[in-house]
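K.L.:
the sequence and its predicted three-dimensional model are supplied below.
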Amino acid sequence: MNITEPVSDLQLQSAIDTARERTIAFLLGLQAMQQPKGLMRISPAHDDALWPGVLLPGTYNGIMALDLLGGLSLFTVEQRGILASCLLQSRRQDGVFRIAGMTDDAVFKKHDPVETWGYIDFHVTNYSLGAIQALDPTMLPRLDFVDPWLDPLFLEAWLARRDLRDPWQEGNNIVNLGSFLLLLKSGADFQRRERAKQSLDLLFAWHDRLQEPSTGFWGVGQHVSARQLLHAMAGSMHNFHLWYATGRTLPYQDKAVDYALSRPPVVDSACIDVDLVDLLVHAAMLMEYRKSDITRWLRELLPHLLALQNPDGGFPDIYDGVRQQDGWVRGYEEPQGISNTFSTWFRWIAIAMISDHLWPRWRHWEFRRMVGIGYRRELAL
């Protein structure tokens, strides 16, 4: 697609349909040898004999991408069940999912190893549960590991340790915990439901105290540098999902919109792009503020996103350096710029959200059911 010339709606829709078919073929082509259908390498560069643990993120990202695109219709019920069982092999007794091969000396997110593993465990578990939910919505998660956060004193102490000098990292911690609490809140155990509600109330109260009214974001030093403000947006977009999922009115959402629209509608990383798109699409759904500006910005970004598709049908993250699994600083690496299941899924979330905003009901997109990246609130909430 030539993005230097005006592009019609029909051209964009045709490009999306073509890109979708190419991506489904790319994802299916990542099939791990001698493994059940759907167990995927994370990229064409991934040697799963050397790095078998990376099949877990390769698969959970790939499955959620296929689900979004309608590609899971190519799997039988039996095949989906077998694949879900494969993912469950990475689950510990308490319900946490771990990537095989990650060791204490090879991971880092914070200097406190408890915080490092807490971040990684929350992240991997949230995404693994998302993939299992896509494969078999009737399969109930095991959430014993969440029990400490149902104690108000433990939760308040944990919240006091959130370091808002790094709001992007903490936004992931918050949304992952929120996703688990929401699952418990809708579960069958009455006592755990009530305790999860109480924990969610504490979580919202913490946010209310610390939100910056001039931006709508959380984070220290937002007005000190453009980088800090960008990271505050990226982290806060995760937190926003808790408001979308519970039907609460998000304070200062207009300020968040102003910031997002101040950014040029060009591609950045897969994370930054999906964060901005998610923020704007949900804002346009929930309020009238600058709706025409939002539509214009999203439509201008869409051809740039589609133009990122690699010849193999997948999508890259960025083009320089190496890509690692989040937190695995001395583990699996691959070159940036190549297609992988993580970037492909994130790029398609942005494309699908824009498409759904521009042309409601033109195509059915199976957005993620759990809060976190890929989730979209339903209009009927």
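P.N.:
Yep, it's here.
K.L.:
doesn't Met237 fall inside a strand?
P.N.:
No: secondary structure of Met237, determined by DSSP: H, G, I helix; E, B strand; the rest coil: helix, with no strand assignment.
K.L.:
how near is it to Val281?
P.N.:
11 Å (CB to CB, to the nearest Å). For every residue, glycine as well, the C-beta is placed using N, CA and C.
K.L.:
out of those two, which sits in the busier spot?
P.N.:
In this comparison of Met237 against Val281, neighbours counted by other CB atoms under 10 Å, the higher total goes to Met237 at 25 against 21.
K.L.:
alpha carbons of stretch 223-238, as PDB, please.
P.N.:
Presented in PDB, the C-alpha positions along stretch 223-238 are these (Å, rounded to 0.1, in the frame of the first residue of the first chain):
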ATOM      1  CA  HIS A 223       6.200  17.100  33.600                       C
ATOM      2  CA  VAL A 224       9.900  16.800  33.800                       C
ATOM      3  CA  SER A 225      10.600  15.100  30.500                       C
ATOM      4  CA  ALA A 226       8.800  13.900  27.400                       C
ATOM      5  CA  ARG A 227      10.100  10.400  28.100                       C
ATOM      6  CA  GLN A 228       8.600  10.300  31.600                       C
ATOM      7  CA  LEU A 229       5.200  11.500  30.200                       C
ATOM      8  CA  LEU A 230       5.200   8.900  27.500                       C
ATOM      9  CA  HIS A 231       6.000   6.100  30.000                       C
ATOM     10  CA  ALA A 232       3.200   7.400  32.300                       C
ATOM     11  CA  MET A 233       0.800   7.100  29.400                       C
ATOM     12  CA  ALA A 234       2.000   3.600  28.500                       C
ATOM     13  CA  GLY A 235       1.600   2.400  32.100                       C
ATOM     14  CA  SER A 236      -1.700   4.200  32.800                       C
ATOM     15  CA  MET A 237      -3.300   2.800  29.700                       C
ATOM     16  CA  HIS A 238      -3.100  -0.600  31.400                       C
END
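K.L.:
and it, how far from the chain's centre?
P.N.:
In this view, stretch 223-238 has its centroid 17 Å away from the chain centroid, taken as CA atoms, centre = their mean, to the nearest Å.
K.L.:
just the buried positions in it, please.
P.N.:
Along stretch 223-238, these residues count as buried under the neighbour rule (16 or more other CB atoms under 10 Å): Gln228, Leu229, Leu230, His231, Ala232, Met233, Ala234, Gly235, Ser236, Met237, His238.
K.L.:
where does pLDDT dip in the stretch 251-381 of the chain?
P.N.:
Within the stretch 251-381 of the chain, the set of residues satisfying pLDDT under 70 comprises 379-381.
K.L.:
can you give me the strands for it?
P.N.:
322-324, 333-335 (DSSP state E, counting those that start in this stretch).
K.L.:
who does the first one pair up with?
P.N.:
Taking DSSP bridges as the criterion, strand 322-324 pairs within the sheet with strand 333-335 (antiparallel).
K.L.:
give me the buried stretch members for the strand it pairs with, please.
P.N.:
Residues of strand 333-335 classed as buried by neighbour count (16+ other CB under 10 Å): Glu334.
K.L.:
swap in stretch 67-76?
P.N.:
Applying a neighbour-count criterion of 16+ other CB under 10 Å, the buried positions in stretch 67-76 are Asp67, Leu68, Leu69, Gly71, Leu72, Phe75.
K.L.:
stretch 52-65 now?
P.N.:
Taking 16+ other CB under 10 Å as the neighbour-count basis, stretch 52-65 is seen to contain the buried residues 53-65.
K.L.:
helices or strands next to the longest helix seen in the chain in the packing?
P.N.:
When secondary structure is assigned using DSSP state H, the longest helix within the chain turns out to be helix 113-135. Identification of packing neighbours for helix 113-135 by 3 or more CB pairs under 8 Å, 6 or more residues apart in numbering; DSSP states H and E yields helix 55-69, helix 77-88, helix 167-185.
K.L.:
many thanks, we can stop here.
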